[in-house]
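Trainee: All I have is the shape, not the residue letters:
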Ligand code: GAR
């Protein structure tokens, strides 16, 4: 469902600093997103993402989990807000809560996530630490469609870097995020242009199933920005 939904707004859900949100805001300002960020929603009052959204004139909502009796009630409130704003695409950008299957199912093929690892490696928390502990030589980030199972949906695009001997979790987080800021707006744009969809559990670009995610490396990113 990329056609009619693509004409509707984007919601970005974020818990943290919001640098990925900022990359999306900047892309939209350059007309490089082909869509409008209608709503930014956070579970944390202190999320930098809320500050960034407000600075860009985007409706920003703090939805505190403590205001609802349980996870299911919270997720229903969140889904109601998305419906109220006529959201066509949900973009998870460092949203550190697991959404229940009903919300995810309601946005099947219309919910994207970025995870800071080369999925399927290192799902869940602390992927940088896990990559270092595993002795990985290559690391990065993955944009994927969201399914109820955590970090398990069809992959679309990956950014890859070589792990250096001096890397630590903080340096990996910083270096990986640089690439996230390129690949996430690109994937969102493809979706909004109707080029990217999810069919039979597989991501497709221009109607072609992606047997493996497309890969961007550090050297390729600046070139591809102009593509
Ligand atoms: C990003 O690195 C994103 O990949 C990660 O949180 C960071 C958010 O940064 N997401 C996850 O770990 C989700 N599993 P930001 O707030 O600066 O965009």
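Mentor: Here it is on my side, so go on. Because the structure is a prediction, the values reported are computed rather than measured.
Trainee: Is any residue of the host helix or strand of residue 183 near the ligand?
Mentor: In the assignment (DSSP states H and E), residue 183 maps to helix 169-192. Yes: with C-beta under 6 Å from any ligand atom as the measure, helix 169-192 is seen reaching the ligand through 177, 180. For the C-beta atoms, the positions are set from N, CA and C on the backbone; glycine is no exception.
Trainee: near the ligand, which residues of this structure?
Mentor: Going by C-beta under 6 Å from any ligand atom, the residues of the chain near the ligand are 14, 16-20, 93-94, 114-116, 141, 177, 180.
Trainee: tell me which of those is nearest to residue 44?
Mentor: Nearest to residue 44, judged by C-beta to C-beta, of the residues of the chain next to the ligand is residue 16 at 7.6 Å.
Trainee: ok, that closest one - how many residues close by?
Mentor: Using other C-beta atoms under 10 Å, residue 16 has 17 other residues around it.
Trainee: Who are the contact partners of the closest residue to the ligand within the chain?
Mentor: Nearest to the ligand in the chain, going by C-beta to the nearest ligand atom, is residue 94, at a distance of 2.6 Å. Under the criterion of C-beta atoms under 8 Å, 6 or more residues apart in numbering, the neighbours of residue 94 are 14, 15, 16, 17, 18, 20, 49, 114.
Trainee: My reading is that it lies in a strand. Confirm?
Mentor: No: per DSSP: H, G, I helix; E, B strand; the rest coil, residue 94 lies outside any strand segment and is coil.
Trainee: What score does it have for pLDDT?
Mentor: Note on residue 94: pLDDT of 98.
Trainee: Can you say which helix or strand has the nearest residue to it once chain neighbours are set aside in it?
Mentor: In space, and not counting its chain neighbours, residue 94 is closest to residue 16: 4.4 Å by C-beta to C-beta, 6 or more residues apart in numbering. Using DSSP H and E, residue 16 maps to neither a helix nor a strand.
Trainee: can you give me phi and psi for residue 16?
Mentor: Main-chain torsions, residue 16, degrees, to the nearest 10: phi -120, psi -140.
Trainee: mind checking pLDDT for it?
Mentor: 98.
Trainee: Now do the same contact list for it.
Mentor: 44, 47, 48, 49, 94, 96.
Trainee: what's the answer for residue 136, then?
Mentor: With contacts defined as C-beta under 8 Å, 6+ apart, residue 136 is in contact with 121, 163.
Trainee: Ends of stretch 33-52, what's the gap?
Mentor: End-to-end distance for stretch 33-52, by C-alpha to C-alpha, to the nearest Å: 17 Å.
Trainee: and what of stretch 58-71?
Mentor: End to end - C-alpha to C-alpha - stretch 58-71 spans 26 Å.
Trainee: Now that stretch: buried residues?
Mentor: Within stretch 58-71, the residues scored as buried using 16 or more other C-beta atoms under 10 Å are 58, 60, 63.
Trainee: ditto for stretch 137-154
Mentor: Quick answer for stretch 137-154 (16+ other C-beta under 10 Å): 139, 140, 141, 142, 143, 144, 145, 146, 147, 151, 153, 154.
Trainee: Among those, which lie within strands?
Mentor: Using DSSP state E, the subset of these located in strands is 139, 140, 141, 142, 143, 144, 145.
Trainee: got the residue ranges for the helices in the chain?
Mentor: Along the chain, the stretches classed as helices by DSSP state H are 3-6, 19-29, 48-55, 71-84, 101-106, 127-133, 169-192, 221-225.
Trainee: tell me the centre residue of this structure?
Mentor: residue 113 (3.2 Å; C-alpha atoms, centre = their mean).
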